[in-house]
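S.K.: show me how the following folds:
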Amino acid sequence: DDVESRGLGDVYKRQVYKQLAELQPYENNPRDNEAAIPYVKNSIKEFGFKVPIVIDSDNVIIAGHTRYAAATELGMSEVPCIVADDLTEEQVNAFRLVDNKTHEASKWDIEKLAEELDSIMGIEMEDFGFADIAAPAIDLDDDKPESNGEHEARTVCCPKCGFEFEV
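M.R.: Sure, this is the predicted structure:
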């Protein structure tokens, strides 16, 4: 199979609405999503249910356990789902892990993040886990020796939310 044969058209053909009571969390889900549930609830309340839960043909959750828990706590009866009935059991198990792992390879560009957060006035971004994040100050002190172009990364921790990032 090439990527095109599993394109976006397939996703929309497989999207359905399911009763929340029909869905079953995967019993061996290795992610502890408890801390994210309030943020996902706030996201659903603010923006609607925009990311479907991915399930297998037996209604077992592959990806979306946090969305499921948030929807349950919000008292929703029906949620959008993508039925991944085109995957083998091994692919389902792999995708469940991959979906949770890939975000770890990403990092925030703190200056761009700060710009984006500063541009949002009417939505309380703290409700989604963002605290006040300021862009790192640029030191314009000409008395310092010239750099060899290398940047020594350092880890900074947000005093409000504890989010750690490199600058």
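S.K.: which helices and strands sit right next to the one helix or strand residue 115 maps to?
M.R.: If you go by DSSP states H and E, residue 115 is part of helix 110-119. If you count contacts as 3 or more CB pairs under 8 Å, 6 or more residues apart in numbering; DSSP states H and E, helix 110-119 packs onto no helix or strand. All C-beta spots, glycine's among them, are computed from the backbone N, C-alpha and C.
S.K.: quick one, what contacts residue 80?
M.R.: Residues near residue 80 by CB atoms under 8 Å, 6 or more residues apart in numbering: 15-17, 49, 52-53.
S.K.: which helix is the longest one in the protein?
M.R.: Ranked by residue count and defined by DSSP state H, the top helix of the chain is helix 89-101.
S.K.: can you spell out which helices and strands pack onto it?
M.R.: Other helices and strands packing on helix 89-101, by 3+ CB pairs under 8 Å, 6+ apart, are strand 61-63.
S.K.: let me see the mean pLDDT of the strand it packs on.
M.R.: For strand 61-63, the mean per-residue pLDDT is 96.
S.K.: buried residues, it. List them.
M.R.: Buried residues in strand 61-63, counting neighbours by 16 or more other CB atoms under 10 Å, are found at 61-63.
S.K.: what's that strand in contact with?
M.R.: In this structure, residues lying in contact with strand 61-63 by CB under 8 Å, 6+ apart are 23-26, 29, 53-56, 68, 84, 92, 95-96, 99-100.
S.K.: before we move on, the earlier item: next, the buried residues of the helix holding residue 115.
M.R.: Within helix 110-119, the residues that count as buried by 16+ other CB under 10 Å are 110, 114, 117.
S.K.: gap between the second one and residue 121?
M.R.: Distance of residue 114 to residue 121, computed by CB to CB, to the nearest Å: 14 Å.
S.K.: can you show me the strands along this structure?
M.R.: According to DSSP state E, the chain carries its strands in the segments 15-19, 53-55, 61-63, 78-83, 155-157, 164-166.
S.K.: report the rounded mean pLDDT for the longest helix of the chain.
M.R.: For helix 89-101, mean pLDDT is 91.
S.K.: excluding sequence neighbours, find me the nearest residue to residue 71.
M.R.: Leaving aside its chain neighbours, residue 71 sits nearest to residue 79 (5.1 Å; criterion: CB to CB, 6 or more residues apart in numbering).
S.K.: I'd say that neighbour and residue 17 touch.
M.R.: Yes - with contact defined as CB atoms under 8 Å, residue 79 counts as touching residue 17 (7.0 Å).
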